[in-house]
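[1] Quick one: sequence plus predicted model below, questions after.
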Amino acid sequence: MKRIIIAILVLTTGRLYAISPIGPAASILEQGQAESGFEYAYTKVDGLTFDATAEVFGLKVGGTVPLSDDMKACFLKAGYGLEDRGDIFLRLGAADVESTGTEFAWGLGGRITVVGSERLDWGLLAQVNWFGAEDAGTIRDETFGLVSYRGDLSFTVAQIAAGPVYKGDGFSVYGGPFVYWVKGDGDITVDDGTYSIRASVDAESDVKAGGYVGLSAAIRPNISINAEYQLADHSRAFACGLTWRY
């Protein structure tokens, strides 16, 4: 059964992960100002590894779990300026993963302007996003025969970014370095037709580093569009969005 649990860890843990849109690292809202909008993101992960363990009857089994997957996500986003140099934001949406289907996703974050000027701001951003994942299937084992499994997991993805924002006439260019890491937990259930075993699962990646660049342009006085590209260890992402500020 230990061999089966390890095999199912590989099948279920490496199923859902995404880098969400970042946006400018410096604050973009004045005190009391609000914004809402729509975001789309595409993430490709190739060879990201997790250290995963499952606890069964008080015993722990585990190993290294690889992840390679494609994900498309859509979010509704809202933000609010707490002060002229700091704002917060919330996103709600769904992630469509090639290997598992569509799951609920949400996140929150904040950013602060560390140094500001008329044309160039320097800032710091932190965000945390949550993604749910469910997976089910069957595997064949030499000892137990056909074994069915079901996994119900959730992943937390944290990102910290820093960098400049250049403010032009009707547009802005932003980017800089960022780091991210992923932590997952949940349960898997294994059933061989005679016994049903439930195991708790924990998985975590190392801290990974990357960089990103983006462009935002005003199409109306209070409406803007943006696009950005992220490149990091074992992953890359493209994101775009439409924002209404009021």
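    Good, I have the coordinates.
[2] quick one: strands adjacent to the longest strand along the chain?
    The single longest strand within the chain, with elements called by DSSP state E, is strand 59-83. In its sheet, strand 59-83 lies beside strand 34-56 (antiparallel), strand 86-97 (antiparallel), with partners assigned from DSSP bridges.
[3] quick one: buried residues of that strand?
    Of the residues in strand 59-83, 61-62, 65, 67, 69, 71, 73-75, 77, 79-81 count as buried by neighbour count, 16 or more other CB atoms under 10 Å. Every residue, glycine included, has its C-beta placed from N, CA and C.
[4] Repeat that for stretch 141-150.
    For stretch 141-150, the buried set under the neighbour-count rule, 16+ other CB under 10 Å, comprises Phe144, Val147, Tyr149, Arg150.
[5] Strands - which of those residues land there?
    Counted as lying in strands by DSSP E, out of the buried residues of stretch 141-150, are Val147, Tyr149, Arg150.
[6] circling back: quick one: which of the strands paired with strand 59-83 is nearest Phe178?
    Phe178 lies closest to strand 34-56 among these, at 13.8 Å (CB to CB).
[7] Give me the spatial nearest neighbour of Tyr80, chain neighbours excluded.
    Ala34 (5.1 Å; CB to CB, 6 or more residues apart in numbering).
[8] Roughly how far does that neighbour sit from Cys74?
    From Ala34 across to Cys74, the span is 21 Å (CB to CB, to the nearest Å).
[9] burial measure for Thr49, as a count.
    Residues near Thr49, counting by other CB atoms under 10 Å, number 14.
[10] For it, which residues count as its bridge partners?
    Under the criterion used (DSSP bridges), Thr49 bridges to Pro66.
[11] Check the gap between it and Gly170 for me.
    Distance of Thr49 to Gly170, computed by CB to CB: 43 Å.
[12] re earlier: now the weakest link among the strands paired with strand 59-83, please, by mean pLDDT.
    When these are compared on mean pLDDT, strand 34-56 scores lowest, with a mean of 86.
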